[in-house]
Every structure is written in structure tokens, then in C-alpha cells.
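>>> predicted structure and sequence below. I'll ask about it afterward.
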Amino acid sequence: MSVSSLAGSLAVSTLGVPRIGPRRELKAALESYWSGQSDAAALATVAAGLRAANWARQKSQGITNIPSNDFSLYDHVLDTSVMVGAIPAIYGWNGGQVSLDTYFAMARGTQKDIHAETCAHGHHGGEAHGVPAQAMMKWFDTNYHYMVPEFSKDQQFTLASTKPVDDYREAKALGYETRPVLLGPVTYLKLGKSQDPTLDPLSLLNRLLPVYVDVLRRLAANGAAWVQIDEPCLVTDLDEATREALRQAYGTFAHALPKLKIMLTTYFGGLGDALDLALHLPVAGLHLDLVRAPEQLDAALSKAPRGLVLSLGVIDGRNIWRANLPKLLDRLERAVAQRGTDHIQIAPSCSLLHVPIDLEQENDLDADLKSWLAFSVQKMGELAVLGRALASGRRAVAPELDASAAAAERRATSKKVHDTAVQSRVAAVDAAMQRRPSDFARRKAVQDARLNLPLFPTTTIGSFPQTADVRKARSAHAKGALDDAHYTRFLREETERTIRWQEEIGLDVLVHGEFERNDMVQYFGEQLEGFAFTRHGWVQSYGSRYVRPPILFGDVSRPKPMTVDWWLYAQSVTDRPMKGMLTGPVTILNWSFVRDDVPRSTACRQIALAIRDEVQDLEKAGAKMIQIDEAALREGLPLRQADWQTYLDWAVESFRLTSSGVAEETQIHTHMCYSEFGDIIAAIAAMDADVISIETSRSKMELLDAFRTYKYPNEIGLGVYDIHSPRVPDTIEMVQLLALAREQLADRQLWVNPDCGLKTRKWDEVRPALVNMVEAARRLRANVAQAAQ
Ligand code: GLN
Ligand code: ZN
């Protein structure tokens with residue numbers, strides 16, 4: 001019997017918990033397996049241990065709806081593809097249970113062909129070659145990446161993995177009654193792609209549903225009373241076909257399994273005009289994200305059919321702040337009074353996958369800051385307290401509620417968070433601070449005369465390979481084994497060598513290589529007031545790759561210059577122009593856990609002012625060119641198009657605030673490492689950077705359409721070298737790409753560069769690729785000179 005059926009209690013859920021383990025045990029186990037150091041049995045043992053620990057942790061924290069099948073070795077969307085047998089032919093799967101090797105081939109690709117005999121895609125016979133991984137995309141507006149399902153026109157689905165059932169049974173054997181989690185069929189299809197542009201993935205729903213029904217039947221047969229089905233697509237702009245697909249899918253499940261209870265979960269936003277649709281699907285429960293969309297509670301309470309269980313997502317599953325529990329109870333008590341304890345459940349806004357595991361591991365955090373935070377384990381505790389307060393009254397948990405309110409009060413008034421100088425400075429920002437002193441045409445004339453660069457100037461995006469030596473020195477320095485003086489000397493040598501090499505091969509505009517930076521956001525966060533860093537606060541970015549986002553907890557200011565000394569050193573060893581290299585405010589914001597007590601736009605503006613000071617200090621030091629990277633600007637776009645403009649307005653404003661404090665002769669660069677510009681080109685143009693470098697190699701310059709159609713006036717650096725692959729492009733290939741670009745844009749607009757920083761590449765790859773790139777620019781110049789004769 002589940003606790004929720006006991007009188008006087010209320011069900012609390014997590015919707016899913018982090019998989020990686022408190023000490024990144026999953027990463028270690030995966031990498032050991034991939035490198036051949038351990039076998040599949042060892043990996044399975046670690047994975048089972050992590051699942052068991054997750055169940056135990058939730059139980060001990062007081063969670064009653066404990067999930068199963070939320071665990072994944074790599075990615076839950078990939079798990080779903082494997083479950084339904086959506087495995088593209090290149091992986092050589094011949095039916096039956098999908099092997100671990102096939103699973104990881106889909107996840108990561110392979111170096112060598114895993115099924116030489118089935119391979120028929122045009123490679124030289126007998127030569128060892130690999131298969132590419134499935135494409136990867138961002139999971140809604142999170143920094144989690146999923147493996148994109150790939151469907152063919154004649155796609156068939158079949159049950160190819162019983163993982164949901166296996167995991168449910170595994171939990172049961174350990175004494176846990178769980179609520180299995182499935183990714184919903186409609187969201188799953190909508191996340192997929194096809195090589196065939198005429199195939200609408202939703203048209204495959206009829207073929208897909210029987211596999212889902214099969215899985216649900218097996219779960220029910222094994223004793224599952226409830227199943228959680230995630231349909232986050234419900235919070236995006238929905239067309240009629242998707243609405244119909246949802247009705248059809250849940251109608252089919254209700255018909256096939258009238259007794260099985262489905263908790264339909266929506267998260268990352270509000271249902272908007274799909275609320276009625278969701279409330280009337282034939283399911284037993286509906287989960288609402290009340291952190292992102294608190295306003296939907298009243299509507300849901302008044303419109304929900306009598307028997308529907310509402311799961312209220314009130315604890316933030318996307319951020320690390322401790323909640324103000326008494327304040328939440330004010331709203332929740334009304335909901336419970338209206339619907340009764342058995343028709344209300346409490347949950348985080350979304351799965352806890354997106355937050356670090358346990359705050360208790362952080363011994364170095366400031367004690368005040370620590371008292372304002374909650375990671376997944378602490379959030380479970382908060383949920384349990386809410387559940388008890390709602391079931392038995394606030395007095396049952398009075399000390400917990402008092403502590404929660406007291407922490408909120410301290411945070412609201414702490415000097416560590418609130419800096420009146422920063423606030424007045426933000427208040428004093430005016431339009432003039434967000435405008436360059438002259439327009440681009442005039443700036444270009446002044447800058448051209450000053451810089452005297454050739455046509456098609458060549459440059460790179462900033463970082464050069466972070467070799468094992470560089471990483472070793474950094475970690476020795478961090479541990480205290482290498483003192484400051486030696487570390488600095490090492491970095492200077494590395495920097496100078498890299499500059500010499502750039503001169504040698506003939507690059508026109510140089511970079512210092514970024515050897516002193518651990519990460520393009522962390523490096524700045526560590527030098528700014530208002531940011532804190534964790535030791536173990538890892539969250540999954542994709543597969544075995546985890547990130548440790550900075551915590552932006554307070555008003556942001558810059559105690560002193562952050563990059564000027566490095567720039568001065570770099571420029572001192574060369575006569576060629578050296579770019580100053582900074583990370584932009586929007587990117588710093590989007591890659592951090594951001595405070596929830598001021599609007600994001602305000603936090604962004606504060607960062608913008610701090611980086612603006614750095615830009616001005618670089619200019620004062622003599623920098624003629626300053627690059628402000630906004631790698632994450634596009635990924636901050638809200639899920640619904642109606643919210644885009646507001647975001648773009650303040651994002652662009654922040655960038656301009658950062659970049660506009662310099663004279664007209666100072667050239668501002670920005671860099672964006674993606675290729676979809678079509679729908680945001682007006683905002684890109686409004687940023688008014690003198691030069692923007694972008695990714696173009698993989699899309700074969702197609703993305704330039706957006707720039708041409710818009711008549712983008714400023715200069716563009718074309719990423720003609722795909723740095724995401726170890727492959728070295730040859731000169732001809734880059735000349736051809738540039739020729740395509742010249743059909744779309746004027747020669748005087750074009751720069752030549754790789755499509756992103758080189759930090760993840762090896763010198764052996766970078767050297768020939770950049771030599772070829774410089775040669776490509778030379779050939780173009782020769783062509784132009786010839787044509788002019
Ligand atoms: N300047 C950074 C680098 O070269 C930019 C990285 C990025 O865009 N992701 O590493
Ligand atoms: Zn990039």
C-alpha cells in the first residue's frame with residue numbers, strides 16, 4: 001500500500017532524480033567501460049548501485065511517489081528510441097534486444113565499424129571506419145542534450161528493450177513500489193527528425209502506440225498502479241495536429257488499459273491555451289509547472305474535472321534556491337481545501353535531473369549562501385515538509401517552516417546579496433550608454449584606415465588546444481603544487497609560443513590562446529562579486545559530460561580588471577593586432593544558476609556593466625579589437641515564440657551596454673557558435689558588433705541566406721573549418737565554401753576563421769587546418785586581384 005492512500009497524508013513526488021551519482025560514479029564507470037578497462041557486468045553493477053541509492057535516498061527523505069526508469073546510462077530519449085526499436089540501419093541492429101554496443105554506438109558513434117558485414121554506405125571495402133553518433137539537441141530550454149531520434153519513411157516500431165519493466169521489477173525486488181516514468185509518445189515523435197523532409201514524425205503515431213501499449217500492459221501486469229508519462233511538448237506552441245495526436249494517444253491508452261493510472265506531466269512552462277485540452281485528456285492525473293507558470297493554478301483548480309489528481313510543481317526543479325515554504329503553503333492549503341488531500345500531490349516543477357545532487361557535500365561554500373540553497377536531496381526534504389504540513393497541519397513541521405522562512409528573510413536582506421552601489425548604477429543606465437558613438441559605416445571607415453587589414457582577414461575564435469600539459473599545470477596550481485610565479489611563467493611561454501606560430505603561418509589578427517582560462521564563464525565568474533562555485537555541483541549536460549554551473553547569487557560587480565594583464569603580455573610580444581577576449585553577459589547568465597529574487601534581465605544588465613568596464617580597460621590598455629563572445633545567446637530563447645521579443649530586447653540591450661563604451665575606432669567582435677540565425681537575424685543586427693564570427697562550414701553557408709535577405713550591413717567571420725571534428729579540411733574545400741559566401745555577401749564584409757574555439761582539438765589537427773585556411777584566404781585575394789586586372 002502506498003503512503004498516499006493512508007488517511008491524513010499527501011503524496012509527494014520527485015518526477016525523476018539525477019543519475020550521475022554524488023561523486024560522478026556513472027561517468028567513471030562509463031569511461032572505464034568505453035576504454036575497455038572494465039566489462040559490461042561492472043558497468044551494470046555501478047548502474048544498479050546508483051538506482052538503489054536513488055530509491056533509498058528518496059524514501060529516507062519522505063518521497064512517496066518514487067520514480068523508476070528515470071535512470072539512464074546515457075539519455076532517456078535514446079532509451080526511448082531503443083525501447084521502441086527506432087534504430088537507424090547504419091547501426092546494424094537485426095532485431096531482438098538491443099546490445100550495449102549498439103546503444104553506445106547510437107550515443108557516441110564508433111571509430112571502427114561495428115558490423116562490417118552489414119555496412120553498405122559507400123566506404124572502401126575492408127577499411128576500418130566508424131558510424132556517426134545520433135545528432136544531439138538541447139532538451140527544451142535546458143542545458144541537457146538529448147540524442148535526436150531519427151525516423152525513416154517506412155519506420156516500424158517494435159519493443160526492443162524492456163528497460164522500464166526491468167527497472168520497475170528491480171525496485172520492487174528491493175522493496176520499493178515505484179511509479180515508472182516514460183517519455184510520452186507525442187513529445188518523443190516531435191523531438192525526432194527524418195532524412196526525408198516530407199516525413200512528418202507525428203504521422204508515425206499509429207505505428208508507435210502499440211509498442212507503448214505493450215509496455216504499459218507489462219508494467220500493469222507487474223503491479224504498477226500509476227505510470228508517469230512526460231509530455232513537455234504541452235508547454236510549447238501547439239498546432240492542431242499535435243493536439244489531435246495527444247487526444248489520440250491518451251484515448252488509446254485509456255481504452256487499452258482502463259485501470260492503469262497515468263500521471264501526465266508537463267513542465268518547463270505553462271500550458272497556456274492547451275490547459276483545457278490537458279485537463280480533459282482521459283488520464284488520472286496532471287502535473288503542472290507552478291514555478292515557471294504559477295498563474296495556471298487558479299485556472300486549473302476551477303476547471304479540473306472532479307476526479308483528476310493535480311500534481312503541483314512548486315519546488316523549482318531548474319534552480320538551486322531553497323524555497324520559502326510557509327509562503328508556498330499559503331497557496332497550497334487553498335488547493336487542498338478545494339480538492340482534498342487525495343486529489344493533490346506535491347512535486348518539483350520538473351524532474352530533479354537538472355540540479356546538483358547534495359548540498360551537504362559542499363564544505364567550502366559561504367555558510368550564509370549555503371543556508372539559502374537546496375540541491376536535489378534538500379528539495380526532496382522540502383517536498384516532504386510541504387506534504388506533512390498539508391496533511392497534518394503546519395504545526396506538525398513548525399521548526400522546519402520557521403527555518404525556511406528565516407533563511408528567506410536573511411537572504412532578502414543580506415549585504416552579501418544586495419549592493420546599493422550596483423543597484424544605483426543599473427538604475428542610471430540610459431540609452432546613450434547602449435549606442436556606439438557613430439554608425440557602422442563611419443566606424444568601418446575609421447577602423448579600416450587604422451587597422452589596414454587585407455581583404456578576407458584571417459583570425460581564430462580565441463582558444464588554442466588545451467593540451468594535457470596545460471591541464472596538468474592548471475590542476476597542479478589549483479592544488480598548490482605549482483606556485484603562482486611558475487604557473488604564470490608556464491602560461492606565458494605557452495601563450496608566446498602560440499603567438500609566434502600564428503605569426504609564422506600568417507594569420508592577420510591574433511589571439512592569445514586562453515590557456516589561463518578553465519572555462520569561458522567560470523573564468524569571469526571567479527573574478528566577479530556575486531558569483532559562487534561548488535565543488536561537487538555537477539549536472540548532466542549530455543551523456544557522461546557534466547557541467548558545474550556557477551551560482552549567481554548577488555549583485556554583480558568587478559573588483560578589478562580580469563583580462564588586461566594577459567592581453568598586455570600577449571600584445572607585447574607581437575606587432576600584429578591582438579584581440580581582447582571576453583565572454584558576454586548573456587552567455588554568462590545563461591550558463592549559470594541565476595538568482596530568482598530579481599528578473600533575469602536585471603541580473604544580466606549588472607553583468608553587462610561589469611564586462612563593459614573590462615572592455616573599456618582593454619581599450620585604455622591599447623586593444624584595437626575586442627571580442628565579446630555570446631555563444632549562448634540563442635539558447636536562452638524562451639520556449640514560446642510570443643516571449644521571444646522580450647528576451648531578445650534585453651539580451652541585445654545588455655550586449656550593447658557591454659560593447660558601446662568604446663571609441664568608434666575600436667573594433668568590437670562577437671562570436672556565436674551556431675548556425676540558425678533566420679528567426680533572430682534582426683536581433684543579431686541590432687547587436688551592432690563590427691564583426692560577428694559564426695558557424696558556417698557544416699551548413700555549407702546556407703545560413704548566410706538570413707544575412708543576405710536581411711541585408712546585414714556589418715562584417716562577418718565565416719567559420720570555414722569545422723572544429724567539432726578531428727578532420728582537417730583542405731584548402732580547396734575552404735575556397736569553395738568562401739566562393740559560396742561571396743555570392744551572398746560583399747567581399748569587404750568577409751573574414752575567414754574556424755567556426756569555434758580550438759580548445760578541444762589537438763595541435764596536430766589545428767596546425768595543418770589553419771595553414772590551409774590562411775592559404776584559402778590568400779587564394780581568394782589572388783582571385784580578386786586577378787579579376788580586377
Ligand atoms: N573564445 C572562446 C574560445 O575560443 C569561444 C568559445 C565558444 O564560443 N564556445 O574558446
Ligand atoms: Zn563557438
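Perfect, thanks for sending it. Ligands and ions are numbered 1, 2, ... in the order given.

>>> contacts and neighbour counts: CA atoms only from here.
OK.

>>> tell me the mean pLDDT over stretch 651-661?
Here stretch 651-661 scores 98 as its mean pLDDT.

>>> distance of the closest residue to Ala663 other than its chain neighbours relative to Arg656?
Closest residue to Ala663 apart from its sequence neighbours, by C-alpha to C-alpha, 6 or more residues apart in numbering: Pro437 at 6.9 Å. Between Pro437 and Arg656 the computed distance is 12 Å (C-alpha to C-alpha, to the nearest Å).

>>> strands along the stretch 251-400 of the chain, start to end?
Ranges of strands in the stretch 251-400 of the chain, per DSSP state E, counting those that start in this stretch, are 261-265, 285-289, 309-315, 344-348.

>>> and if you look at the stretch 501-650 of the chain?
529-532, 539-542, 545-547, 551-557, 579-583, 593-594, 625-629.

>>> quick one: stretch 260-276 to chain centroid distance?
When distances are taken as C-alpha atoms, centre = their mean, to the nearest Å, stretch 260-276 is centred 23 Å away from the chain's centroid.

>>> and the residue of the stretch 351-500 of the chain nearest ligand 2?
Closest contact between the stretch 351-500 of the chain and ligand 2, by C-alpha to the ion, is at Ile461 (7.2 Å).

>>> quick one: contacts for that residue?
Contacts for Ile461 (C-alpha atoms under 8 Å, 6 or more residues apart in numbering) come out as Val511, His671, Ser693, Asn753, Pro754, Asp755, Cys756, Gly757, Leu758.

>>> again, 10 Å this time
Listed by C-alpha atoms under 10 Å, 6 or more residues apart in numbering, the contact set of Ile461 reads 510-511, 513, 579, 581, 627, 629, 669-673, 693-694, 717, 719, 753-759.

>>> among those, which ones are buried?
Among the contacts of Ile461, the ones that count as buried by 16 or more other C-alpha atoms under 10 Å are 510-511, 513, 579, 581, 627, 629, 669-673, 693-694, 717, 719, 753-759.

>>> which of those residues are close to ligand 1?
Residues of these in contact with ligand 1 (C-alpha under 6 Å from any ligand atom): Met672, Cys673, Cys756, Gly757, Lys759.

>>> lowest-confidence entry in these?
Among these, Cys673 carries the weakest pLDDT, at 85.

>>> and that residue, how close does it get to Ala706?
16 Å.

>>> how about Leu183?
Computed as C-alpha to C-alpha, the Leu183 to Ala706 distance reads 35 Å.

>>> which non-adjacent residue is nearest the residue of the stretch 51-200 of the chain found nearest ligand 1?
Closest to ligand 1 within the stretch 51-200 of the chain is Asn143: 13.6 Å, counting by C-alpha to the nearest ligand atom. Leaving aside its chain neighbours, Asn143 sits nearest to Ser541 (5.8 Å; criterion: C-alpha to C-alpha, 6+ apart).

>>> residue contacts, that neighbour?
Residues counted as contacts of Ser541 (C-alpha under 10 Å, 6+ apart) are Lys138, Trp139, Thr142, Asn143, Tyr144, His145, Tyr146, His354, Val547, Arg548.

>>> could you flag which of the residues you listed are buried?
By neighbour count, with 16+ other C-alpha under 10 Å, the contacts of Ser541 hold Trp139, Asn143, Tyr144, His145, Tyr146, His354, Val547, Arg548 as buried.

>>> of those, closest to Gln641?
For the buried ones among the contacts of Ser541, the residue nearest Gln641 by C-alpha to C-alpha is Trp139; the value is 16.6 Å.

>>> for the closest one, give its distance to ligand 2.
Trp139 sits 19 Å away from ligand 2, going by C-alpha to the ion, to the nearest Å.

>>> start to end distance for stretch 566-582?
Length of stretch 566-582, first residue to last, C-alpha to C-alpha: 12 Å.

>>> hmm, it in reach of ligand 2?
No - residues of stretch 566-582 are not located near ligand 2 by C-alpha under 5 Å from the ion, the shortest gap being 12.5 Å.

>>> as a whole number, average confidence for that stretch?
In this model, stretch 566-582 carries a mean pLDDT of 98.

>>> next up, the contacts around the residue positioned nearest the centre of the chain.
Taking C-alpha atoms, centre = their mean as the criterion, Asn143 is the residue nearest the geometric centre of the chain, at 1.5 Å. Contact analysis of Asn143 by C-alpha under 10 Å, 6+ apart lists Met137, His354, Val539, Gln540, Ser541, Tyr542, Val547, Asn590, Trp591, Glu635, Gly636.

>>> from those, which would you call buried?
Buried members of these, scored by 16+ other C-alpha under 10 Å, are His354, Val539, Gln540, Ser541, Tyr542, Val547, Asn590, Trp591, Glu635, Gly636.

>>> which member of those is positioned nearest ligand 1?
Trp591 (11.2 Å).
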